[in-house]
Structure formats: structure tokens, C-alpha cells
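**Q** Here's a sequence, model it:
(one chain, ligands or ions: 1)
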Amino acid sequence: MSKKKYWEDVYYSQPTNNELVGNAKLTAEKAAKRGKTLNPVIITGNKIAKSWWGIAWCNNLEKYADYESRLSRGKRYVKLGSVVDLQIDKGKINARVQGSRKTPYKVEIRISPLSEKQMENITAKCGLKVENLNKLVSGDFPAELKDVFIGEDGLFPKPREISFNCSCPDWALMCKHVAAVLYGVGARLDEDPLLFFSLRGIDTNRFVDVVIANRTEMMLENINKPSKRILSDVDLSEVFGVL
Ligand SMILES: [Zn+2]
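**A** Numbers count the residues shown, from 1 in each chain. Alright, predicted model coming up:
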């Protein structure tokens with residue numbers, strides 16, 4: 001016989017799929033009646049994210065979790081449509097997640113803005129691959145900019161740069177509702193990688209302007225610099241007193 005623990009996982013009974021789906025439907029109907037627009041996470045198919053960056057985001061969640069079961073439950077929740085509302089803003093994510101009770105839980109996630117050093121690093125890296133900016137702006141995070149995303153000092157928030165809060169009574173640091181929202185963010189980022197920039201407090205238009213301006217400046221400097229060949233000619237003319 002296995003020993004019973006006080007904080008046992010089964011302490012909170014898990015709602016069935018039908019309960020979760022039914023509650024989410026009721027919440028959507030109530031919101032529609034009140035004229036409120038919700039932005040639910042809708043997963044089609046078995047995969048939460050399909051793009052390399054969305055998949056990388058989801059895989060990275062394991063670093064934040066203090067309890068593995070919350071992650072698998074979070075996945076189940078997001079796939080069933082329990083994240084009935086998800087809003088991504090500069091440095092913060094606000095969401096509502098349906099659980100066993102009729103009223104959805106309120107989840108708030110905060111992500112620290114990038115430091116000046118991190119920002120400079122990202123601007124410089126993008127400047128070297130400026131031709132990829134177009135792709136990024138049109139919704140495709142080019143693999144050439146992978147380092148900007150997952151590299152050291154990249155856009156990807158480290159566990160200490162992210163904090164979360166949920167209105168449910170779960171004692172775990174990351175409950176299944178927070179996990180569901182984070183997976184939902186992965187799905188949302190799939191559609192629009194520029195949201196990564198917003199999440200880290202970056203104004204994308206300004207960012208693109210700065211990267212292009214710095215790149216142009218660098219190119220102009222290179223044009224004005226005489227090449228080694230010309231330099232050696234000048235040296236020679238001095239040596240032979242041609243001038
Ligand atoms: Zn919760």
C-alpha cells in the first residue's frame with residue numbers, strides 16, 4: 001500500500017474534458033451577451049505550436065515548472081480551449097482560464113523588459129542580418145536570427161525574468177492554469193513572432209528603424225574608408241616623391 005501524503009496530487013480533483021469544454025462555452029456565451037470580446041486560444045490539431053520559435057518557447061517552459069504534472073495538465077487545458085481569453089501586452093500577459101468552477105481563474109504573467117545591454121546586443125545581431133528583418137516583420141522569424149531569440153541575452157526570458165500569479169487555490173508556484181496560459185502564449189507567438197518583441201517591452205517600429213539606421217551608418221563608414229590597396233599606393237607615392 002502506498003503511503004498517503006498530506007499534499008497529495010489527487011487532493012484537488014481534476015475536472016473532466018466535458019466539464020472544461022462546457023464551462024468554457026458558458027463563459028464565451030456570457031461574455032458575448034455583455035458585448036465583451038474575448039481572445040481565446042484555439043488549438044487545431046495535436047500540436048500546440050508549429051513554428052520553430054513556438055516549439056522552442058513550449059520546450060523552454062520545463063525550466064520554469066516546479067512540478068511536472070502541472071505542465072501536462074496545462075497542455076491538456078490549453079488543447080481543450082480552457083484559455084478562454086489571452087491578451088499579450090508590453091511586458092505582461094493577462095488571461096482567464098476555465099477550471100472546475102464556472103467563473104474562470106485570473107492569470108497574470110509579467111516578463112521583465114530587456115536591459116540596455118541585452119537591447120544593444122539584439123540590435124547589433126539583427127544589424128548583421130538586416131536582410132532578415134523583412135521576413136520578421138511579415139510574420140516569419142528567420143532561422144538565421146535564432147540566436148537573437150534563444151541565444152544568451154536573447155529575447156527568450158530566463159526563469160528569473162518571469163513571474164506569475166493565479167487566482168486559484170493551488171499551492172504550486174506554477175499551477176496548471178499558468179502552465180496552460182504559457183502554452184497558449186506559444187500558440188499565439190506561432191502566428192505573430194513580433195509579439196516576442198512586445199513581450200520584452202520593445203516597440204518593433206522603433207527597433208527596425210534603429211537597426212536600419214545603424215546598419216546604414218556602418219555601410220557609409222566603410223565606403224569612406226580607403227581600401228588597403230589605395231593606402232599602399234599613397235604610401236608609395238610618398239616614398240618616391242611623385243607628388
Ligand atoms: Zn491556477
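
**Q** How many neighbouring residues does G45 have?
**A** 7 (other C-beta atoms under 10 Å). To be clear about C-beta, it is placed using only N, CA and C from the backbone, and glycine gets the same treatment.

**Q** how about it, secondary structure?
**A** coil (DSSP: H, G, I helix; E, B strand; the rest coil).

**Q** So which elements touch the longest helix along the chain?
**A** The longest helix of the chain (DSSP state H) is helix 204-224. Secondary-structure packing of helix 204-224 (3 or more C-beta pairs under 8 Å, 6 or more residues apart in numbering; DSSP states H and E): helix 116-128, helix 133-137, helix 195-199.

**Q** Compute the inter-axis angle for it and helix 116-128.
**A** 60 degrees (axes from the mean of the first three to the mean of the last three C-alpha atoms, to 10 degrees).

**Q** what is the mean pLDDT for helix 204-224?
**A** Rounded to a whole number, the mean pLDDT of helix 204-224 is 78.

**Q** same check, this time on stretch 15-35
**A** Here the average pLDDT along stretch 15-35 is 93.

**Q** Repeat that for stretch 100-119.
**A** On average, stretch 100-119 scores 91.

**Q** residues in contact with the residue nearest to the spatial centre of the chain?
**A** Central residue of the chain (C-alpha atoms, centre = their mean): F196, 4.4 Å from the mean position. With contacts defined as C-beta atoms under 8 Å, 6 or more residues apart in numbering, F196 is in contact with W53, F141, F149, L155, L189.

**Q** mind running it again at 10 Å?
**A** Contact analysis of F196 by C-beta atoms under 10 Å, 6 or more residues apart in numbering lists 53, 57, 88, 111, 136, 141, 148-149, 154-157, 185, 189, 202, 204.

**Q** go on, R215?
**A** T123, A124, C126, G127, L128, K129, V130, E131, L133.

**Q** Select only the buried ones of these in ChimeraX?
**A** Buried residues among the contacts of R215 (16 or more other C-beta atoms under 10 Å), as a ChimeraX selection:
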select :123,126,127,129,130,133
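
**Q** and the contacts of R215 as JSON lines, adding distance to the ion and pLDDT?
**A** Compiled in JSON lines, the contacts of R215 are given as follows (distance: C-beta to the ion, whole Å; pLDDT from 0 to 100):
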{"residue": "T123", "distance to the ion": "37", "pLDDT": "84"}
{"residue": "A124", "distance to the ion": "39", "pLDDT": "83"}
{"residue": "C126", "distance to the ion": "36", "pLDDT": "81"}
{"residue": "G127", "distance to the ion": "41", "pLDDT": "79"}
{"residue": "L128", "distance to the ion": "42", "pLDDT": "75"}
{"residue": "K129", "distance to the ion": "40", "pLDDT": "75"}
{"residue": "V130", "distance to the ion": "43", "pLDDT": "72"}
{"residue": "E131", "distance to the ion": "44", "pLDDT": "76"}
{"residue": "L133", "distance to the ion": "38", "pLDDT": "78"}
